[in-house]
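S.K.: Any chance you can model this:
(one chain, ligands or ions: 1)
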Amino acid sequence: MSTLTFDLAEEQKLLVEEVRRFAEEEIRPGTADRDRGHEFPVELIAELGELGLLGMMVEERYGGPGFDPLTYCLAVEELAAVCPSISVTMSVTNSVCCWPIQRFGTEELKQRVLPELASGEAIGGFGLTEPGSGSDAGAMRTTARRDGDEWVIDGEKAWITNGAYGKYFVVLARSDARAGTKGISAFVVPSDAPGFRVGQAEEKLGLRASNTTALYFDECRIPAANLLAEEGLGFAIAMATLDHSRLGIAAQCIGIHRRALELGVAYARERVQFGKPIAQHQAIQFKLAQISTELAAAQALTYHAALREDSPDAGRHASQAKLFASEAANRACWESLQIHGGNGFCEDYEIARLYRDVRVTTIYEGTSEMQRMVIARHLTR
Ligand SMILES: Cc1cc2nc3c(=O)[nH]c(=O)nc-3n(C[C@H](O)[C@H](O)[C@H](O)COP(=O)(O)OP(=O)(O)OC[C@H]3O[C@@H](n4cnc5c(N)ncnc54)[C@H](O)[C@@H]3O)c2cc1C
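M.R.: Model prediction:
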């Protein structure tokens, strides 16, 4: 129930159809059970890799299909409309792991790591947040020191998506204690590096079929060649990565929002109160109209931002898309649940899961408050 008509290229239409078919036929049947069991779908994720969905923007010379950001967003949207947990597993591998490695890694590192990620043999993650530094990422305490041909990392990261299943993590650590955010560097840490350890999976309110853990680094040694760009550029790399990856979260919100609308319309047509379907009561019609209008606005902002990823204002566009799409999707799930009445409060109805899943979208990859700060900074610089 997409409300915005966009002229897609033939290749994009085919991809959307293929992802939609895969999501409906292969993913949807087990979604509720996996949510209930907090079960990470290892086999389905491997199949996403085989379909080329885990390294969508990886260039052909590194084993990927080399899609543009808009095509990537369309795929995230299709997956999120069926299973938001799977869409975040997929978007994190694409946008906060493959993307910064391709953009900032040395040729040797890209050849070594990207083909595995792009083929789905490995999934990836991103370690920025720590127990004491979330929105204020520059206050991180994890350290990195150079020792001959290696970097030695010590510290802890919190809330890492794909923590227990990722093979490669882009990790931010402080390599110069006195240089503030200019003393932070970015590294690729493989999960088999000595001194790397994964914490317990978090018991989350939503996205229960995704995996979120702490990561611990205890004299964790990685090759010097795993540094991205140059020493001291890590914070800039992290911010550039988030500017890009917020598009994926906005697309995830659109998928959830679309599904909330579909469920709301279907339920309103079917449920009879006061002698007619509730869809014929104007108060319910107005809710559906509002959900649909906000969906179209979220799509327009997100597709526009995806098409302008290389513009000087790309960060603002991505933050505006993520801010609006995440808050609108939360409103959509709230209203769709309201339309479902008491049934919406029951896990037998899909809207209950969406209501839980959507909640985090105004929090991760930068809270709504941080998006407003980014947007205002662009306006006043
Ligand atoms: C399911 C899940 C998956 C995640 N995956 C990852 C991941 O893969 N990698 C990763 O690095 N991180 C990940 N995160 C972490 C996520 O990005 C952080 O939770 C988020 O950035 C917010 O940080 P925080 O939780 O420490 O909140 P805090 O920064 O402590 O913020 C708490 C509240 O204060 C507000 N606030 C803070 N500072 C200000 C200010 N200056 N002005 C106004 N309000 C302010 C915030 O907006 C928020 O409302 C994940 C989190 C979750 C829940």
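
S.K.: For the stretch 51-200 of the chain, what lies in contact range of the ligand?
M.R.: Within the stretch 51-200 of the chain, the positions lying close to the ligand (Cβ under 6 Å from any ligand atom) are 92, 125-129, 134-135, 159-161. In this view, the C-beta of every residue, glycine as well, is placed from N, C-alpha and C.

S.K.: Any chance you could list what contacts stretch 226-235?
M.R.: Residues from elsewhere that reach stretch 226-235, judged by Cβ atoms under 8 Å, 6 or more residues apart in numbering: 100-101, 104-105, 109, 137-138, 151, 170, 172-173, 175-176, 179, 181-190, 237.

S.K.: Run through the strands of this structure in chain order.
M.R.: Taking DSSP state E as the test, the strands found in the chain are 123-127, 143-147, 150-161, 166-174, 184-190, 196-201, 212-223, 272-273, 276-277.

S.K.: circling back: could you single out the nearest of the residues of the stretch 51-200 of the chain next to the ligand to the ligand?
M.R.: The ligand has its nearest neighbour among those in G134, at 1.7 Å by Cβ to the nearest ligand atom.

S.K.: Dihedrals phi and psi, the closest one?
M.R.: phi -110, psi -90 (degrees, to the nearest 10).

S.K.: Can we start the residue count at 276 from this point?
M.R.: All set: I'll call the first residue 276, so the last point we hit is now G409.

S.K.: ok, how many other residues are close to it?
M.R.: By other Cβ atoms under 10 Å, 17 other residues sit near G409.

S.K.: ok, it - contacts?
M.R.: Counted by Cβ under 8 Å, 6+ apart, G409 has contacts A433.

S.K.: 10 Å instead?
M.R.: Applying Cβ atoms under 10 Å, 6 or more residues apart in numbering to G409 gives the contacts 403, 433-434, 638-639, 641-642, 645.

S.K.: Return the residues in contact with M331.
M.R.: Neighbour list for M331: 290, 339-344, 346-351, 365-366, 368-370, 373-374, 393, 523 [criterion: Cβ under 10 Å, 6+ apart].

S.K.: Looking at these, which are in helices?
M.R.: With helices taken from DSSP state H, the overlap with the contacts of M331 comprises 290, 344, 346-351, 365-366, 374, 393, 523.

S.K.: Could you chop the protein up by domain?
M.R.: For the chain, automatic domain parsing gives the domain ranges 285-397, 400-507, 511-655.

S.K.: how about the ones you listed in JSON lines, adding mean pLDDT?
M.R.: Shown next, in JSON lines, are those (pLDDT from 0 to 100):
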{"stretch": "domain 285-397", "mean pLDDT": "97"}
{"stretch": "domain 400-507", "mean pLDDT": "98"}
{"stretch": "domain 511-655", "mean pLDDT": "97"}
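
S.K.: Tell me how many other residues crowd R634.
M.R.: R634 has 18 neighbours, counted by other Cβ under 10 Å.

S.K.: Contact partners for it?
M.R.: With contact taken as Cβ under 10 Å, 6+ apart, R634 is in contact with 479-482, 601, 604-605, 608-609.

S.K.: are any of the contacts of M331 buried, and which?
M.R.: 290, 339-342, 344, 346-351, 365-366, 368-370, 373-374, 393, 523 (16 or more other Cβ atoms under 10 Å).

S.K.: Can you report how many residues neighbour E285?
M.R.: Using other Cβ under 10 Å, E285 has 7 neighbouring residues.

S.K.: Against E318, how distant is it?
M.R.: 31 Å (Cβ to Cβ, to the nearest Å).

S.K.: Repeat that for R378.
M.R.: Between R378 and E318 the distance is 30 Å, computed by Cβ to Cβ.

S.K.: So the two - more neighbours on which side?
M.R.: Comparing R378 with E318 by other Cβ under 10 Å, the one with more neighbours is R378, at 15 against 8.

S.K.: List the contacts of the more buried one.
M.R.: By Cβ under 10 Å, 6+ apart, the residues touching R378 are 332, 385, 503-504, 512, 515-516, 519.

S.K.: Turn those into CSV, columns for neighbour count and distance to L326.
M.R.: Below are these laid out as CSV (neighbours: other Cβ atoms under 10 Å; distance: Cβ to Cβ, whole Å):
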residue, neighbour count, distance to L326
M332, 21, 15
K385, 20, 22
L503, 24, 27
A504, 16, 31
I512, 20, 28
A515, 17, 27
T516, 25, 24
H519, 23, 22
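
S.K.: Would you point to the one among the strands of the chain that's packed deepest?
M.R.: For the strands of the chain, ranked by mean neighbour count under the definition mean count of other Cβ atoms under 10 Å, the leader is strand 398-402 at a mean of 29.

S.K.: Tabulate the CA atom coordinates of that one in CSV.
M.R.: Taking C-alpha atoms only, strand 398-402 is exported to CSV below (Å, rounded to 0.1, in the frame of the first residue of the first chain):
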residue,chain,number,x,y,z
ILE,A,398,27.7,-10.3,8.2
GLY,A,399,29.0,-7.2,9.8
GLY,A,400,28.4,-4.6,12.5
PHE,A,401,29.4,-1.2,13.8
GLY,A,402,30.8,-0.4,17.3
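
S.K.: Within its sheet, name the partner strands of that strand and how each one runs.
M.R.: Strand pairing for strand 398-402, using DSSP bridges, gives strand 441-449 (parallel).
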